[in-house]
Structures are given as C-alpha cells and as structure tokens.
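A.B. asks: Quick one, what's the 3D model for this:
(2 chains)
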Protein chains: 2
Amino acid sequence: MEGRGFYNTHSRPQQAAARHGIELLVQAAGQLDPGPPPLVIADYGSAEGRNSLAPISAAIRAVRQAHRTPITVVHLDRPNNDFASLFELLRTDPGSYLEPADEVFALASGGSFYEQMLPPNHASLGWCSIALHWLSRVPVSPGHAWPTMRTGLDRAPFAAQAALDWVTFLKHRAVELRPGGALVVVVPASDRDGCWSLAGLARHVMATLEEMTTGGTLDPGELARMLVPNYDRTLDELEAPFADPELGLRLEEARLDYVADPIWEAYRASGDVGTLAEGYAGFVRAAFGPTLVAAMNAERPADARREFLGALDAGLRRRILAEPAALCEPTVATLLIVKAAARP
Amino acid sequence: MEGRGFYNTHSRPQQAAARHGIELLVQAAGQLDPGPPPLVIADYGSAEGRNSLAPISAAIRAVRQAHRTPITVVHLDRPNNDFASLFELLRTDPGSYLEPADEVFALASGGSFYEQMLPPNHASLGWCSIALHWLSRVPVSPGHAWPTMRTGLDRAPFAAQAALDWVTFLKHRAVELRPGGALVVVVPASDRDGCWSLAGLARHVMATLEEMTTGGTLDPGELARMLVPNYDRTLDELEAPFADPELGLRLEEARLDYVADPIWEAYRASGDVGTLAEGYAGFVRAAFGPTLVAAMNAERPADARREFLGALDAGLRRRILAEPAALCEPTVATLLIVKAAARP
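C.D. replies: Below you'll find the predicted structure:
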C-alpha cells in the first residue's frame, strides 16, 4: 500500500465495508473477561491506521462500560508499513482513541500476520479488516494481474495458497488470543455467483497496463510480473478450517454482505464523473500502486516509477470518464471467531 | 536523527558509550521477579534500533537464565522515527534478539517519553541510552547552535529546561515501571571541569555554518534558528530529583565515565585522516542533520536541503582534514534506577 498518508486518504471503500464487523467487535468487547491488565486489542493489518480508528474506538468504549483496566492497542502490519503516519494520526486525529489519561495506549509491530507476532494468550480482542485477501506469496507466474480474474488451472494455485494462508493466520491467532478472546475478520469475498467486486476496475487497470506496454512505456516482462496477490475467498472457503477441532477456534458467526461503495454512491448523488474518476484512480493507486511498481525493472530510475503511476492514474481516469465503473456490488465476509474460555 | 538506516550506520560513538549501562542492565535483569506474563522491556529512545540490539539481547539472555516467561520488547521514540528500518533490522540482523520460537517479541510506540506511553506497572526493565540529552523543547532563541556551548544568562534557560525534562521523564517512568523494576539510563554528561564531548566538532560545525552564511548559501535567519536542543547535565543535576521521596524511584548507582571514541581510536591506529573525517561528518549528519535542516526556510525546495547537507558534509571533512578533531573525552553518566518493590 502507498505510504505517507496516501492510503489513509484513498481507502474509503475499505472503511465502508467494516460496519457489521464493528457491531460484532462491540458485542464481543462488551462480554469480555478483562483478565490481568493491560487488556490487549490487536489490529491485524492496520496500514496507516485511518480505518482502524472507528472500530478500535468503538471497542474501547464497549470495554470501558464495564472495566477500568488499562488498554493497549497493538497495530500489526508489514515491517515497511508507514508506522510514522500511523503514530502521527493517533496523536492528532480528532477520531483517535489514544488517551493516556484514560489509560489507553498504542503500540505497533512490523512483521507478517502469517507468523506469530504476539505472546501466547495475549490479546483479548482481535480485529482484521480488508487485509486477508493479500496472499503471503505469489504461487505462480504470469497471467491476469489479479488471480481472481483467472480461471481453471491458472487459478487453482491461488486458491490453494489462499486456503493455506487462511489456516496459517488462524493457527497463530489461536495462540495469541486469550482464552475467551474474540477475533473479528472482515475480508473481501466472492459470492456464490462468482461476482468479484473489483472486476470492473481491474479490467480498466489491465487495459491501461496493456496500452502502456503497446506504447512502449512498459516492458512486456514488467507487465507479466505485475500480479496483485489478492484472492477473494468464498464463504465456504472461509468456513472450512473450523471443521477441525484441533484449530482451537470456534466460528460464532459468518455472513456475506453486499456493501455500498461510497465513491459510486457519491457519483450517483452528484453526477460528477470527474470526482468518480479521481476517487477510483486514487483507490487503485493507494491499494495496488506499490505492488505494480515493485514489478518494474530494478534498473529503472525513481522518475520512471513516478511516471508509471502518473500514466496509470491518467489512463484510469480517461477510461472511467468514458465508461464509469462501479465496484461490482462489493462483497465482504464478516466473521466472529472465538477462542474457548479456559475451564473454570 | 536521520532515517533510512543512516543513523544505524553512523552512531558508533553512541554505541561505545553504553558498556557500563549494559552491565547494570544485565545485573538488574538477573534479579527480576518476572510477574505475570509477558515480561516487558522498554527501550526509550530506540531510534532505528541498531544500538539497542546488544543491550536488549544481553538483558534477554540474563532473564532467560532464570525464567521461561514470554518477553515483549517495546521500542519507544518520536512518532516520525523510522520504525520501518527498526522492524526490518529486527527481522534480518544476525544480532537481533527477535525470536518468536523462544517467545520473544518486538513492539514499538511513537510518542514522547516526556509523556506517559505505557500502562502503569507495565515494564520490568527500562533502557534509555544517549537520548535524554535531547530537550523536549527549545526554551529561547538564537545564539550558539549548541546550548552546552553557551555561557551565563544565555545558558540558564537550557539548564532549567533540562532539569524540568529530567523530572518529567522520571515521573512517567515511575508510573510505567513495575514495582521492583529497574531502569538504566546512559546519557552524555558534563564533568566537573565543564569539558563537553562534542566541543571540538561543534566548533567545526559552527565555522562551516557561518562560512555558508557568509557565502550566501544560508540565510542569517536560518543560521540563527539552527539550534540543537541538546544539554549535557552534570552528575549533580542528574542526581537532584532523587532527593524527593515522592518520586517513587531510588537511584542505586550513578557514575561518570570517559569513554573511548571509536572513530578517533581507529584513526590513532590507522593514521587514516580521510576515514576520520568521513566518520565524524557522518556522525554529525546522522545525529544533527535533520535538526539543522528543519531550521531552513520553509519555501526552500527539497534540493536545497540536500545541497545544504552536502555542503555541511564537505565543509566538515575539509576542516577535520586540516585539524583532526577528537570528541573531547566523551563523558557519559550511567544510572541504575529502581522502583520500590510492592510490600509483600
């Protein structure tokens, strides 16, 4: 994801998707046994924190209705995440939950949530929103930039990697959660009709990239390496690991929702297609720009990378102006997962 | 401090100063009552982490000789600190203490250690090395770039700010430490003769800045604002707050040491004055470059800031080649501070 606050500004669809997840998080927070202080809330895949403010603040309010215990919030993301923007946001944003006077503190950790990142029995609450569709690795080589757009044998390795990643994630959280602790997962998903939220935008992106390749500003080899390792699982795929009692986690609730896309809704209300094009181009650049840029030839100067992002932005705007694209009924799965309480 | 790993590469004098502090930290770590898990080690003013690896690793080894409890290390620094370099270092450096399989985990927090940053009774061990000479604010305006180089009335506000900052720091740590917990502070200090470690280098820096101002590449207003808010306290100044029993902290040990300067020692062994000049210029840029650059006129382009750092580097090298400067017997104070154990 793009740093320096850019992701914070251009991630409204990710934020809109979390509504049901926040309800489940608040419900779980209200029922917690606080345990020895501090009570730990883990935010898996925080990025720069903007989209964590609402859920974490709501969870803290719910905890505070019953308990005065000190609270630490741990934001976890990749080591190269822009943690400086996150800490700056927490110290300056009016919506920040940070409140030392109320004994609410913020921490961060840089690593991979496909590994163990916290001590055993540590977190009372976990939150992971719009992060788990990022696979831990790219299992095969070229094809469509988005695995979800692939079919048949070309798609199978991604489905397998997604299944493996999901079990790996859950196994580590089963260790890190306190007995009785709860984890809420919000994740882009595929519905049973196979409709994929970003299909419209992904087509525009691919067309733009192919145009840049034809025009000579992008090498065919670079295009071939441009692969966004996202995979949107079905509800069946998300539910599968819980059939194994050894997992140590119980799936309390799982639902699919079609969520409103705020960029599209604003366009429907205003009719301003320029704002629509700007909104989607910014969304693509914030969420996927760094992944695409990383596929460019290593010897390219920094200017070429900036020019690539500029050309991608311009191409996307032009295509969206010509053919306004909505996210195709954005679909998210929301899961409430609980670790069994210790026997009394 | 300069980010992107530059500080890690150019902070060997800071590292050399910590030897007695590490001994005291190991001693304290070996005597801890671990309390409920995890055992927390707080690293106040971590920068990019390079100089934390040796002390934190040594402390963990000492804890592990007696206890299997999970350990979290919290690195605390300014919100704009380069935490990405820190997490990358922890995941890749052979000297890293990070070891999830041994239940040793890393966290970070961006804020100010002149505020409370952790829950009450949270940290069993604290470490703060070569950080507390940075004042929380600049109490007055122009004069010599380094308060320690000032005299009389021009210096008094800095002494007062340093006293206030030190008490503020200690009061927050008195809250954050667990009863029985220990804090080791290593801090540049002034000896009773008033010799200041960086005096030689500071003279070279000032001469270079004044030359740039005369030559027109720096405005007089910019030079006037270039103030490094460092203050090296005397041992008396460091011991003063502990006379107040309300502080809740006991000073177990306090010593002044003249430490070897590794850049100077290498020069004495090799006679290679070019390496000496490069080492000191890099040290100045890593430790003070960002502070000086921040005083430049806001409307200056980024190029001007890079050019300023380049000119500072070139001027320093030239002056050091002509008149090799040693750090003037670098003096550090090492303090072992303990919070009274809870009554049994």
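
A.B. asks: mind listing the helices for chain A?
C.D. replies: Ranges of helices in chain A, per DSSP state H, are A:6-9, A:12-16, A:19-30, A:53-64, A:83-92, A:156-176, A:199-214, A:220-225, A:235-239, A:262-270, A:273-293, A:302-322.

A.B. asks: what does chain A put close to chain B?
C.D. replies: A:36-38, A:70-72, A:74, A:79-84, A:86-88, A:90-91, A:100, A:103, A:105-111, A:115-122 (CB under 8 Å from any CB of the partner chain). C-betas here are computed from N, CA, C, even on glycine.

A.B. asks: Buried ones from these, can you make that a ChimeraX selection?
C.D. replies: To isolate the buried ones among the residues of chain A next to chain B in ChimeraX, judged by 16 or more other CB atoms under 10 Å in any protein chain shown, type:
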select /A:37,38,70,71,72,74,79,81,82,83,84,86,87,88,90,100,103,105,106,107,108,109,110,111,116,117,118,119,121,122
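
A.B. asks: mind putting the helices of chain A in TSV, distance to B:Arg137 and mean pLDDT included?
C.D. replies: Shown next, in TSV, are the helices of chain A (distance: least, CB to CB, whole Å; pLDDT from 0 to 100):
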stretch	distance to B:Arg137	mean pLDDT
helix A:6-9	28	60
helix A:12-16	36	65
helix A:19-30	38	95
helix A:53-64	28	97
helix A:83-92	16	96
helix A:156-176	39	95
helix A:199-214	47	91
helix A:220-225	49	90
helix A:235-239	51	96
helix A:262-270	41	87
helix A:273-293	35	91
helix A:302-322	36	93
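
A.B. asks: okay if I get those helices as CSV plus distance to A:Trp134?
C.D. replies: Below are these laid out as CSV (distance: least, CB to CB, whole Å):
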stretch, distance to A:Trp134
helix A:6-9, 13
helix A:12-16, 12
helix A:19-30, 17
helix A:53-64, 19
helix A:83-92, 18
helix A:156-176, 9
helix A:199-214, 15
helix A:220-225, 17
helix A:235-239, 15
helix A:262-270, 21
helix A:273-293, 9
helix A:302-322, 20
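
A.B. asks: and A:Tyr44, which of those helices is closest to it?
C.D. replies: Checking the helices of chain A against A:Tyr44 by CB to CB gives helix A:156-176 as the closest, at 7.8 Å.

A.B. asks: Could you export that closest one as PDB, CA atoms only?
C.D. replies: Output in PDB follows, covering the C-alpha atoms of helix A:156-176 (Å, rounded to 0.1, in the frame of the first residue of the first chain):
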ATOM      1  CA  ALA A 156      -6.000 -23.200  -8.800                       C
ATOM      2  CA  PRO A 157      -2.600 -22.500  -7.200                       C
ATOM      3  CA  PHE A 158      -4.000 -19.200  -5.900                       C
ATOM      4  CA  ALA A 159      -7.000 -21.000  -4.300                       C
ATOM      5  CA  ALA A 160      -4.600 -23.400  -2.700                       C
ATOM      6  CA  GLN A 161      -2.300 -20.600  -1.400                       C
ATOM      7  CA  ALA A 162      -5.400 -18.700  -0.100                       C
ATOM      8  CA  ALA A 163      -6.500 -21.800   1.800                       C
ATOM      9  CA  LEU A 164      -3.000 -22.400   3.300                       C
ATOM     10  CA  ASP A 165      -2.700 -18.700   4.300                       C
ATOM     11  CA  TRP A 166      -6.000 -18.700   6.000                       C
ATOM     12  CA  VAL A 167      -5.300 -21.700   8.100                       C
ATOM     13  CA  THR A 168      -1.800 -20.300   8.900                       C
ATOM     14  CA  PHE A 169      -3.300 -17.000  10.000                       C
ATOM     15  CA  LEU A 170      -5.900 -18.700  12.200                       C
ATOM     16  CA  LYS A 171      -3.400 -21.100  13.900                       C
ATOM     17  CA  HIS A 172      -1.200 -18.100  15.000                       C
ATOM     18  CA  ARG A 173      -4.200 -16.200  16.300                       C
ATOM     19  CA  ALA A 174      -5.300 -19.300  18.200                       C
ATOM     20  CA  VAL A 175      -2.100 -19.000  20.100                       C
ATOM     21  CA  GLU A 176      -2.100 -15.200  20.600                       C
END
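
A.B. asks: For it, name the packing helices and strands.
C.D. replies: Judged by 3 or more CB pairs under 8 Å, 6 or more residues apart in numbering or on different chains; DSSP states H and E, helix A:156-176 is in contact with strand A:123-129, helix A:235-239, strand A:249-258, strand A:331-339.

A.B. asks: Looking at the stretch 151-300 of chain A, which residue is nearest chain B?
C.D. replies: Relative to chain B, the nearest point of the stretch 151-300 of chain A is A:His172 (9.2 Å; CB to the nearest CB).

A.B. asks: Hmm, A:Ser112 and that residue touching each other?
C.D. replies: No - A:His172 lies out of contact with A:Ser112 (CB atoms under 8 Å); the separation is 9.5 Å.

A.B. asks: Show me which of these two is the more surrounded one.
C.D. replies: A:His172 (19 against 16; other CB atoms under 10 Å in any protein chain shown).

A.B. asks: what about the nearest residue to A:Glu237 once chain neighbours are set aside, neighbour count?
C.D. replies: The shortest distance from A:Glu237 to any non-neighbouring residue, by CB to CB, 6 or more residues apart in numbering or on different chains, is to A:Ala163 (6.4 Å). By other CB under 10 Å, the residues close to A:Ala163 number 16.
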